[in-house]
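Asker: When you get a sec, could you give me coordinates for this:
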Amino acid sequence: MDLKYVFWNNKGGTGKTSLAFQSLARYAQVHPEKRILAVDLCPQANLSELLLGGLNNKGSEKLLERHGLVPRCSIGGYFQLRLPSPYAPPAFKAQDFVTTPSEYNKGIPANVDLVCGDPLLELQANAVNTLANNNIPGTNAWIAVIDWLNVFFDQLSARYDIAFMDCNPSFSLYTQIALASADKIILPVMADDSSRRAIQNAFSLVYGLKLPSDIYASYAFATKLKADGRRLPQVHLIAKNRITQYMGSASAYAAVLGAIDNDIKSLLATYPEIFSFSRVEDGFVEVRDFQTTGVVAFAKGLPFSELRVGKQTINGHRVQVKQEYLDNSKTEIERLVDRL
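Answerer: This next block holds a predicted model:
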């Protein structure tokens, strides 16, 4: 596997799942020779429901069907397998936990496979955390657990070229497992002060920057990975998401986004190794609000390229997809995918 992206921000509502869905689908369409693996590390499993058909096409029912298999065909099923054997992997076949979405949803390219999300992650979280913090002579328990996804990917390394992981807004251990396996982070942000704080928090959580006290340093994610000689994922792209079409240069939105730019510029000058870009302007992409087009696409579980123009029924309501808005949405995703 050449590259693993993770979509993450520790603030909710920044559009991680919608951007991950549209980006991986479009990337797969543009690169039909590549094999793509989507991994849903969110207990809400919204990415899985979208790939399996969305609200209108019973994506949630199809997901439940995958959960009902033996072994349970999801990331929760794999973690369930690892709970009794946390420090040395048992015999297993990673492919048993993989689903091909195009078999359920014809709008998804055939070169995309999926490891479904699972609400079991939340139930498993305490157990996984306890296992990672056990004191076992001769074994680094935290590293052994943090490597669960790396072990899974190792089995599939010859089968897939690139992975896209969607994480929920937390820094729980299953999120850390995803981040530890990733090469690049895509960080969606909104044009508000809470998103600015979330970016600052994200850099503290992942890289141990500006921790409030030295007492936290020895427990930090970055400290424990570096102590084992591991590399940290790099921030590859900051997606300014859901920017309104009416954002003027003097608006409050622009002021906040400018402050975010300055924060990243300062970090880039001091810690260039944590970024995959060397110029601030190369690290940002703007994505305007998808509006009704996005609502319809996600209800149907469709990439924008597969969505049609005109009036359509969504959840019993008639809505209209306009050509101009659909074209704009396609352009926004193209802009992001071009940076991958």
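Asker: For residue 317, grab phi and psi.
Answerer: phi -110, psi 140 (degrees, to the nearest 10).
Asker: How about residue 6?
Answerer: Torsion angles, degrees, to the nearest 10, at residue 6: phi -130, psi 130.
Asker: Longest strand in the protein, please.
Answerer: Determined from DSSP state E, the single longest strand within the chain is strand 234-243.
Asker: Show me what it packs onto, helices and strands only.
Answerer: The contact analysis (3 or more Cβ pairs under 8 Å, 6 or more residues apart in numbering; DSSP states H and E) places strand 234-243 against strand 184-189, helix 252-270, strand 284-288. Just so you know, the C-beta spots here come from the backbone N, C-alpha and C atoms, and that holds for glycine as well.
Asker: what separates residue 121 from residue 4, distance-wise?
Answerer: Note on residue 121: its distance to residue 4, by Cβ to Cβ, to the nearest Å, is 19 Å.
Asker: Between those two, which is the more surrounded one?
Answerer: More crowded of residue 121 and residue 4, by other Cβ atoms under 10 Å: residue 121, with 25 against 21.
Asker: Help me confirm that that one comes into contact with residue 174.
Answerer: Yes: assessed by Cβ atoms under 8 Å, residue 121 is found in contact with residue 174 at 5.2 Å.
Asker: Give me the common contacts of those two.
Answerer: Listed as contacting both residue 121 and residue 174 by Cβ atoms under 8 Å, 6 or more residues apart in numbering are 41, 79.
Asker: Now do the contacts for residue 241.
Answerer: Contacts of residue 241 by Cβ under 8 Å, 6+ apart are 14-15, 19, 188-190, 287.
Asker: Show me the two of those residues that sit farthest apart.
Answerer: Across the contacts of residue 241, the longest distance by Cβ to Cβ is 12.0 Å; it joins 19 and 190.
Asker: C-terminal to the one helix or strand residue 298 maps to, what's the next element?
Answerer: Here residue 298 sits within helix 291-300, counting by DSSP states H and E. Heading C-terminal from helix 291-300, the first helix or strand you meet, by DSSP H and E, is strand 310-314.
Asker: Direction included, what does that following strand pair up with?
Answerer: strand 317-321 (antiparallel) (DSSP bridges).
Asker: just checking, next helix/strand downstream of the strand it pairs with?
Answerer: helix 323-337.
Asker: quick one: that next one to helix 291-300, angle?
Answerer: 70 degrees (axes from the mean of the first three to the mean of the last three Cα atoms, to 10 degrees).
Asker: So which bits of helix 323-337 are buried?
Answerer: Neighbour counts over helix 323-337 (16 or more other Cβ atoms under 10 Å) mark 325-326, 328-330, 332-333, 336-337 as buried.
Asker: swap in stretch 283-302?
Answerer: Buried-residue list, stretch 283-302, by 16+ other Cβ under 10 Å: 283-285, 287-302.
Asker: cool, stretch 121-128 as well?
Answerer: So for stretch 121-128, counting by 16+ other Cβ under 10 Å, buried means 121, 124-125, 128.
Asker: Off-centre distance for the longest strand of the chain?
Answerer: 12 Å (Cα atoms, centre = their mean, to the nearest Å).
Asker: Just the terminal-to-terminal distance for stretch 217-225.
Answerer: By Cα to Cα, to the nearest Å, the extent of stretch 217-225 from end to end equals 12 Å.
Asker: All further residue positions should be reported with the first residue as 8.
Answerer: I'll keep to 8 as the first residue from here, and by that count the last item is stretch 224-232.
Asker: which residues touch it?
Answerer: Residues contacting stretch 224-232 (Cβ under 8 Å, 6+ apart): 149-150, 153, 178, 183, 186-187, 212-215, 218, 238-239.
Asker: tell me the contacts of residue 326?
Answerer: Residue 326 touches 299, 302-303, 318-320, counting by Cβ under 8 Å, 6+ apart.
Asker: What's the local residue count around residue 162?
Answerer: With other Cβ under 10 Å as criterion, residue 162 counts 13.
Asker: Just the element for it, please.
Answerer: Here residue 162 is assigned to helix 155-163, by DSSP H and E.
Asker: And the next helix or strand past that helix?
Answerer: strand 169-174.
Asker: how about the CA coordinates for that following strand, as CSV?
Answerer: Once non-C-alpha atoms are left out, strand 169-174 reads as follows in CSV (Å, rounded to 0.1, in the frame of the first residue of the first chain):
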residue,chain,number,x,y,z
ILE,A,169,-4.2,3.7,-1.2
ALA,A,170,-6.3,3.9,1.9
PHE,A,171,-8.7,6.6,3.0
MET,A,172,-9.7,6.5,6.7
ASP,A,173,-12.5,8.4,8.2
CYS,A,174,-12.3,9.1,12.0
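Asker: Just the angle for it relative to strand 191-196, thanks.
Answerer: Using the same axes, to 10 degrees: strand 169-174 against strand 191-196 is 40 degrees.
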